[in-house]
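S.K.: my questions concern the predicted model and sequence given below.
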Amino acid sequence: MRINVTQSPAPQHTDTCTAVGWSYSGELFSCSDDSTIMKWNMNGEPISKVCELDTCCTAIKWFPNISNQKNSTDLFVVACSDGTFKIINPVTGRTEKSVEAHKGAVVCLAWNWDGTALVTGGEEGVVKTWSQSGQLRTTLASNAQTIHSLSWGPESDQVLYTCGKDLIIKPLQPSSKQLQWKAHDGVVLQVDWSPVTNMIVSGAEDGRYKVWDSYGRQLFQSQPLDYAITAVEFSPDGEMYAVGSFNMLRVCDKTGWSQCRENTATGSIFNIAWTADCTQLACAGGNGSVCFAQLVDRRIEYKNLIIILAEANKVSVRDVVTDHLEDLEHRDKIIKMSVGYGFLIVATSTQCCIYDVTNWNAPTMFDVKDAVNLICQADKLFLIMDHSNGVQLFQYDGRAVSTLKMSGIRTEFLNYQSVNLSPDTVVVKDAFEPKAIKVFEALTGRLAPGIVINHNMEIVEICLNQFGPQSERKCAIIDRNRDLYLTSVAAKSQPYKLATMVASVKWNDYSEILVAIADGKLVVWYYPSVVYIDRDLLPKTRIIRTDAEFGRHDQLLDFFGSRCSCRRGSDGAVLTFAIRPYPIMLFTHVGNNAWDTAVRLCRFVKEPALWSILAALAVKGGELNTAEEAYANIDESDKLQYIKYISEIPNAAGRSAELQLFQRRQDEAETILLQAGLIYRAIKLNIRLFNFERALHLAVQHKTHIDTVLYFRQKYLNNFHKEEQSENFLKEEIKAVCYVCVLTHSPCTLR
């Protein structure tokens, strides 16, 4: 990636440009110490002077875009050096309201994410919150030093502000404790808090910029630069942030590594503003100039293709095998690109174009109403997300499938870690319910009835598998402790913990293979769903690669076929790893019901991991002969004997029930037996599991084999030298004794 910088030859402001801000129509507004507010187009050309105030301006913020209601509150607020903030109409330039806020200058201000409150920081060190109409709500904090910068927390219940060398997170609730830590060796000049990733970036006079989590733990620290860091700003999607210093603009990944750097002729950059589509940014220069920067040369890879955003409206596709180059030009600016499953999706400001990677000449197109800020692909479907229509699903021929009914979910807070798609299911993690995952049906867009995945800790990342039917859909979860869990989407089951200290996770595109970066190593689970079949086989189907070192900020980019790509968090380098292709071939054979071919493959490869996968798949598919051979080849003699015992059961229902019991699914096994009318087997099943209460309930309900349950219960108690304590069993024993007395015409001693 690189930056194309454009700048007017002569500054339009006669004094320092202090702040810039983008309107929803794509126009830029800049304010300056010369008391003027200017309007610019996206090409960096000045349009007009909006207004001239009677004081210097220090900051500018637009009212937040709530559910794309652009015309409802098309206003912006400016902070002034005379201690006021002013709400201004951008069309007429008229000051709608002026509020006396601080004794000194108002240095910084910010709207909360739903536009219901405004926070201001003053030169005298006071932080205040205001209503939307400009009424004072509370004086949040008083400090001895100037508040240079502040930002709202993701849920608008906390305010982050600078105080000298420290950063302070102050909750709005008076009873809550504030968090304060020393962030830099110099005065902190700028800070920003991303509501999407919940990360904090700060810049200071010590020449460093740093990234923090919401608990004040440092995630990244830059090398000291020659000049103070005067501006930092996260992109709206939270994936990047921009850093400004003296005659320097840098764009970094959220984990810290620098993506690109450009020199400018602006002097110190005092403020940075991103466009809503994250493709362009503007900078306020100390010499009065306004700098515009366009992000180009963004690059993605797919199999033998390298796809590069060469210009703002042109994509270049190179086939590294044939060295063929294809240029795809569009009429509008390109915002997002995504490639996978044989298709390239290119989203511009007005259209979405779908290219088949085998034919670039006939793309499918449809119009979009707003800037697309997320694209997610699956085998048959893909989704796009914008602020106008939310999350929409389409087929690759351009036909609309559904729109997710997501009441109460803010789309601007969603990213690739909180939305995921499979051919039949969509999962969404709401920022305001961080411990729950909402499951949607892809074809209808409605919430799946009765299915909500709950976790006992805040969820950080979710990922759906792409292989198998909807009833076998699995979701990988990374929580706040960086623990990796596997849970079933359709069936109610407890999440199974796979690994700890996990940085990133990805499913394979056409198989059940899961790969993760855990504890500095690349871990591959060839069949993680084995935990729901025979979890003892999990270590045998897991491969840990130690040939490379991984960090906690490394991210897996894709996992297509047998190739896995990872971006190193320390320097942004892309590493590619090969996964053995035999498990993918095995899944293909089993999916085609070619069990004999699968067995021959395992005999040829002679790997325990492959035999373990086949054993689990055979048990799941009810292929007992294949399961016997697979367990025999991995020396699981006890399970081999049990599989042989199952194969000798005379009826199909009995075999199916035993296979369910083998997979630790007691309820399903009992249901199969009861539906087949095998009451005695169902009772005996519970007796074997020492579930005597359930066995007695079935016996009483069906009025059969009560004496058998009482016998085995008494035998169990005698072995442990215990007395009967259960009221249900005592009651049935009394009935049995009375029945014997009636039959033998003997007096009942229990009366």
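M.R.: Looks like it arrived, so ask away.
S.K.: isn't residue 581 right next to residue 562, touching?
M.R.: Yes. Using Cβ atoms under 8 Å, residue 581 is in contact with residue 562, at 4.4 Å. Glycine gets a C-beta too; all of them are placed from N, C-alpha and C.
S.K.: so between those two, which is more surrounded?
M.R.: residue 562 (17 against 12; other Cβ atoms under 10 Å).
S.K.: what pLDDT is listed against that one?
M.R.: For residue 562, the pLDDT comes out at 90.
S.K.: cool, and residue 737?
M.R.: On the pLDDT scale, residue 737 gets 66.
S.K.: and residue 188, by the same measure?
M.R.: 96.
S.K.: burial count for it?
M.R.: Neighbourhood size, residue 188 [other Cβ under 10 Å]: 25.
S.K.: ok, longest strand in this protein?
M.R.: strand 258-274 (DSSP state E).
S.K.: pairing partners for that strand, with directions?
M.R.: Here strand 258-274 is paired, per DSSP bridges, with strand 240-253 (antiparallel), strand 280-285 (antiparallel).
S.K.: for it, what is the average pLDDT?
M.R.: pLDDT averaged over strand 258-274 gives 93.
S.K.: tell me the buried residues in it?
M.R.: Within strand 258-274, the residues scored as buried using 16 or more other Cβ atoms under 10 Å are 259, 260, 264, 266, 267, 268, 269, 270, 271, 272, 273, 274.
S.K.: in CSV, list these along with distance to residue 312.
M.R.: Formatted as CSV, the buried residues of strand 258-274 follow (distance: Cβ to Cβ, whole Å):
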residue, distance to residue 312
259, 17
260, 15
264, 19
266, 21
267, 27
268, 27
269, 22
270, 26
271, 23
272, 19
273, 18
274, 16
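S.K.: what about this structure, any weak spots by pLDDT?
M.R.: Within the chain, the segments meeting pLDDT under 70 span 66-73, 737, 739-751.
S.K.: show me the helices in it, by range?
M.R.: 582-591, 595-605, 608-621, 624-633, 637-647, 652-662, 666-675, 679-688, 692-702, 706-719, 727-744 (DSSP state H).
S.K.: nearest to residue 421, of the ones you listed?
M.R.: Of all those, it is helix 582-591 that lies closest to residue 421, at 20.2 Å by Cβ to Cβ.
S.K.: and that closest one, what does it pack onto?
M.R.: Here helix 582-591 touches helix 595-605, helix 608-621, going by 3 or more Cβ pairs under 8 Å, 6 or more residues apart in numbering; DSSP states H and E.
S.K.: can you put these in JSON lines and add distance to residue 250?
M.R.: Below are the helices and strands packed on helix 582-591 laid out as JSON lines (distance: least, Cβ to Cβ, whole Å):
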{"stretch": "helix 595-605", "distance to residue 250": "49"}
{"stretch": "helix 608-621", "distance to residue 250": "45"}
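S.K.: any idea which of those helices is most buried?
M.R.: helix 608-621 (a mean of 24; mean count of other Cβ atoms under 10 Å).
S.K.: relative to helix 624-633, how tilted is that helix?
M.R.: Helix 608-621 runs at 150 degrees relative to helix 624-633, counting by axes from the mean of the first three to the mean of the last three Cα atoms, to 10 degrees.
S.K.: mind starting the numbering at 56 from now?
M.R.: Got it, first residue is 56 now, which makes that one helix 663-676.
S.K.: contact partners of helix 663-676?
M.R.: 581-582, 584-585, 588-589, 592, 595-596, 598, 637-638, 641, 645, 650, 653-654, 656-657, 679, 681-682, 685-686, 688-689, 691, 698, 714, 717-718 (Cβ atoms under 8 Å, 6 or more residues apart in numbering).
S.K.: closest to the centroid, which residue in the chain?
M.R.: residue 472 (1.4 Å; Cα atoms, centre = their mean).
S.K.: tell me which of the strands paired with strand 313-329 sits nearest to residue 188.
M.R.: It's strand 335-340; of those, that one is closest to residue 188 (Cβ to Cβ) at 28.0 Å.
S.K.: which of the residues in the closest one are buried?
M.R.: Result for strand 335-340 [16+ other Cβ under 10 Å]: buried residues 335, 336, 337, 338, 339, 340.
S.K.: now render the helices of the chain as CSV, adding distance to residue 277.
M.R.: Shown next, in CSV, are the helices of the chain (distance: least, Cβ to Cβ, whole Å):
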stretch, distance to residue 277
helix 637-646, 41
helix 650-660, 48
helix 663-676, 42
helix 679-688, 53
helix 692-702, 55
helix 707-717, 55
helix 721-730, 55
helix 734-743, 63
helix 747-757, 62
helix 761-774, 68
helix 782-799, 69
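S.K.: and among those helices, the most buried is which?
M.R.: Most buried among those, counting by mean count of other Cβ under 10 Å: helix 663-676, with a mean of 24.
S.K.: keeping just the C-alphas, turn that helix into CSV.
M.R.: The C-alpha coordinates for helix 663-676 follow below in CSV (Å, rounded to 0.1, in the frame of the first residue of the first chain):
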residue,chain,number,x,y,z
PRO,A,663,-1.9,-42.0,12.1
ALA,A,664,-3.5,-38.6,11.7
LEU,A,665,-5.2,-39.7,8.5
TRP,A,666,-6.4,-42.9,10.0
SER,A,667,-7.8,-41.0,13.0
ILE,A,668,-9.8,-38.7,10.8
LEU,A,669,-11.2,-41.7,8.9
ALA,A,670,-12.1,-43.4,12.1
ALA,A,671,-14.1,-40.4,13.3
LEU,A,672,-15.8,-39.9,10.0
ALA,A,673,-16.7,-43.6,9.8
VAL,A,674,-18.2,-43.6,13.2
LYS,A,675,-20.2,-40.5,12.3
GLY,A,676,-21.4,-42.0,9.1
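S.K.: how far does stretch 654-668 sit from the chain's center?
M.R.: Relative to its chain's centre, stretch 654-668 lies at 35 Å (Cα atoms, centre = their mean, to the nearest Å).
S.K.: that should have said stretch 103-119, apologies.
M.R.: Per Cα atoms, centre = their mean, the centroid offset for stretch 103-119 relative to its chain is 37 Å.
S.K.: quick check: buried residues in it?
M.R.: Under 16+ other Cβ under 10 Å, the buried positions of stretch 103-119 are 105-106, 108, 110-119.
S.K.: check stretch 619-635 too.
M.R.: 619, 620, 621, 622, 623, 624, 632, 634, 635.
S.K.: can you tell me the closest non-neighbouring residue to the first one?
M.R.: It stands for residue 619. Nearest residue to residue 619, sequence neighbours excluded (Cβ to Cβ, 6 or more residues apart in numbering): residue 632, at 4.8 Å.
S.K.: my read: the one you found touches residue 600, true?
M.R.: Yes. Taking contacts as Cβ under 8 Å, residue 632 lies within contact range of residue 600: 7.1 Å.
S.K.: find residues that contact each of the two.
M.R.: Common contacts of residue 632 and residue 600 (Cβ under 8 Å, 6+ apart): residue 577.
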